[in-house]
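Engineer: what's the 3D shape of this:
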Amino acid sequence: MYPGGNETALKHMFNPASRTWTVATISVSIAPRAFQEGTMRYVYHLTDFSLPPGQQQCVAKLSKDPNEQKRTYFSEVEMQYKCKELAQKFNAYNLPKRIDFVDSWVVEFPNRPAPHGAGPFTVLVEPVLRGPYVKHSNNYGFVSPENRSTPQAFSHWTWVQSGGKILVCDIQGVNDLYTDPQIHSNAGHQNYLYGRGDMGMDGINHFFATHRCNGLCRSLGLPPHTGPQAMHPAFESTAVRLRPQTPIQDIYGRSYSSASTSPASSVGGISTASCGFADFGLPRVMSCPVVADVGMAFPQLPAMPMLFAI
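Structural biologist: Modelled structure (predicted):
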């Protein structure tokens, strides 16, 4: 049908500063067969000819869910840019390792139908990451055997700096360039903001059940957590857990039926009731900056020698 030749597509790009989308007509080439397959997505090679030479090789991610709504792809891009903003604030502390999240965008093929027959063929696209790919955490308490300090400290920091409103997890990528994150939100029962991978306080509880504060956490002044000791199941998978599909609101209050392109698995764990900000033993007044607006500036910590794995 489309043997990987050039074709016209619509490129939807998100501007995090204005919270708006723009669209451009571009030429792309997408491979006819997926080169990788996860639990929830197929991954294809894609060439985006609107990018400069040397930067045109990308990957396109297509959901396996036949009921996946096109809006989901846009929401995932918005979530990844929110994580990117947080990473920039985290880097302001001048820690040994700088982190970032890859740019992503949505590509729509108006002239070809979706594989499942509903609407135009739509994919999430991002640059190819070259190098050893490591999954540092998932969205339900898994921690990589490497247990590197930077990814874990970043997740802990996002919870503290947001005033207990969100926590970024499912950290993965090449070196410290990350992709496919998940945000858990503490927005009240059944009021999930970040798709089906947003497990709310249950997911946040599971992160802190396996998190052990490291030297970076202490350098940042992040208060330690003493969550329920019963929540220490044996996590044996790097896959993520998904909530059932339910009507939710996205980051900006738009209602739609939830769906996710994240890998899924029936990871075992102990279900916990929703709990409040103080349930981890977090003091209301913390020893590090706590702000709800990711656009606010952060103070720079003094440089210091690090004597632990980062």
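Engineer: Now do the buried residues in the helix ranked longest in the chain.
Structural biologist: Taking DSSP state H as the criterion, the chain has its longest helix at helix 70-91. By neighbour count with 16 or more other C-beta atoms under 10 Å, helix 70-91 contains the buried residues 70-84, 86-87, 89-91. (Each C-beta comes from the backbone N, C-alpha and C, glycine too.)
Engineer: Same question for stretch 45-64.
Structural biologist: Using 16+ other C-beta under 10 Å as the test for burial, stretch 45-64 gives His45, Leu46, Thr47, Asp48, Gln56, Cys58, Val59, Ala60, Lys61, Leu62, Ser63.
Engineer: residues in contact with the first one?
Structural biologist: Which is His45. Ile30, Ala31, Phe35, Gln57, Cys58, Val59, Ala60 (C-beta atoms under 8 Å, 6 or more residues apart in numbering).
Engineer: Contact partners for the residue lying closest to Val160 once chain neighbours are set aside?
Structural biologist: Nearest residue to Val160, sequence neighbours excluded (C-beta to C-beta, 6 or more residues apart in numbering): Leu222, at 5.3 Å. By C-beta under 8 Å, 6+ apart, Leu222 lies in contact with Ala153, His156, Trp157, Val160, Cys213, Cys288.
Engineer: cutoff 7 Å now
Structural biologist: When contacts are counted by C-beta atoms under 7 Å, 6 or more residues apart in numbering, Leu222 is found next to His156, Trp157, Val160, Cys213, Cys288.
Engineer: how about the residues you listed in a markdown table, adding neighbour count, distance to Gly131 and secondary structure?
Structural biologist: Output for those, formatted as a markdown table (neighbours: other C-beta atoms under 10 Å; distance: C-beta to C-beta, whole Å; DSSP: H, G, I helix; E, B strand; the rest coil):
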| residue | neighbour count | distance to Gly131 | secondary structure |
| --- | --- | --- | --- |
| His156 | 25 | 25 | helix |
| Trp157 | 25 | 25 | helix |
| Val160 | 22 | 30 | helix |
| Cys213 | 17 | 28 | coil |
| Cys288 | 17 | 32 | coil |
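Engineer: Go through those and name the one nearest Leu95.
Structural biologist: Checking the contacts of Leu222 against Leu95 with C-beta to C-beta, the nearest one is Trp157 at 9.8 Å.
Engineer: Ala9 pairs with what?
Structural biologist: Counting by DSSP bridges, Ala9 is bridged to Ile26.
Engineer: Touching, it and Val106? I think so.
Structural biologist: No. Ala9 lies out of contact with Val106 (C-beta atoms under 7 Å); the separation is 10.0 Å.
Engineer: out of these two, which sits in the more crowded spot?
Structural biologist: Between Ala9 and Val106, counted using other C-beta atoms under 10 Å, Ala9 has the larger neighbour count: 29 against 22.
Engineer: Can you check the pLDDT for the residue nearest to Val160?
Structural biologist: With respect to pLDDT, Leu222 scores 96.
Engineer: can you tell me the helix or strand for it?
Structural biologist: Leu222 is part of no helix or strand when elements are defined by DSSP states H and E.
Engineer: same question, Asn205
Structural biologist: helix 200-210.
Engineer: Give the other helices and strands that that helix contacts.
Structural biologist: Judged by 3 or more C-beta pairs under 7 Å, 6 or more residues apart in numbering; DSSP states H and E, the packing partners of helix 200-210 are strand 166-169, strand 182-185.
Engineer: I appreciate the help and will end here.
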